[in-house]
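A.B. asks: Requesting a structural model of the entry that follows:
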Amino acid sequence: MSGAPQFAELFAPASGSWAATGAMAEVRGEHTATLLRDGTVLVAGGGGAGEGSVLDTVEVYDAATGSWSATGPMIEHRGYHTATLLRDGRVMAAGGGGGGGPNLASAELYDPANRSWTATATMSGIRIGHTATLLPDGRVLVAAGDGGAGESFGPLASAELYEPSGRS
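C.D. replies: Down below sits the predicted model:
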C-alpha cells in the first residue's frame, strides 16, 4: 500500500537533536526496526496507510547514504510482531497480525546475504504484542503478548524458546 513518502529522522545523542533523513516508501506503524551487522536498518511490516492494512513489505535504511531500498517481502503480512537479530546475522520475525487479517503463530527468517525470507518453526500458538529476547546461547525467548483469537484471546502468561538451526 504505497502512499506519499514517509520521512524519517536521525537522533544525534551528543547534541540531543533530530535531523531529517531519506524518505521511506510506505506509511508504517506497528512495524519493527532491526540494526543489522553491516550498520543498515531493516524495517519490516507494520500497519499501512489504509484502514485495516497490514504490510508484508520491507525496507532497508543505509545511514551512510541516507537512503532506503526495498528488499524481499515477508512471507506473511505482519504488524505487532517481533524481529530479533540472531547471532548468525539473520533476523527472525515472529507472530503478529492486526488489521482484520489473521493473527499469526508463524515465524520467518530474513537473510541479509540474499535479501529474502524463508519460513521457520511455528510457535505453539498465536502471539501478538509479545517480546522476543536473544539469549546468550543463541536461542530466542518469546514471552507473553496476546493470544489474539478465539478462546486464547487475551493476555498470555506463557513463554517458549526458539532454537535456530546451526546456531553459532
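A.B. asks: Okay, strands next: where are they in the chain?
C.D. replies: For the chain, the strands defined by DSSP state E occupy 6-12, 17-24, 32-35, 41-44, 58-62, 67-71, 82-85, 91-94, 107-111, 116-120, 131-134, 140-143, 159-162.
A.B. asks: pLDDT weak spots in the protein?
C.D. replies: Confidence mapping of the chain against pLDDT under 70 gives the ranges 1-5, 98-100, 149-152, 166-168.
A.B. asks: mind checking how far the closest residue to R37 other than its chain neighbours is from G96?
C.D. replies: Leaving aside its sequence neighbours, R37 sits nearest to G89 (Cβ to Cβ, 6 or more residues apart in numbering; 4.9 Å). In this view, the C-beta of every residue, glycine as well, is placed from N, C-alpha and C. Separation of G89 from G96 (Cβ to Cβ, to the nearest Å): 22 Å.
A.B. asks: more neighbours, these two?
C.D. replies: Neighbours were tallied for G89 and for G96 using other Cβ atoms under 10 Å; the higher tally belongs to G96 (35 against 14).
A.B. asks: is it true that the more buried one touches A105?
C.D. replies: No: shown here, G96 and A105 do not form a contact pair, counting by Cβ atoms under 8 Å, at 9.9 Å.
A.B. asks: intersection of neighbour lists for those two?
C.D. replies: Counting by Cβ atoms under 8 Å, 6 or more residues apart in numbering, the common neighbours of G96 and A105 are R127.
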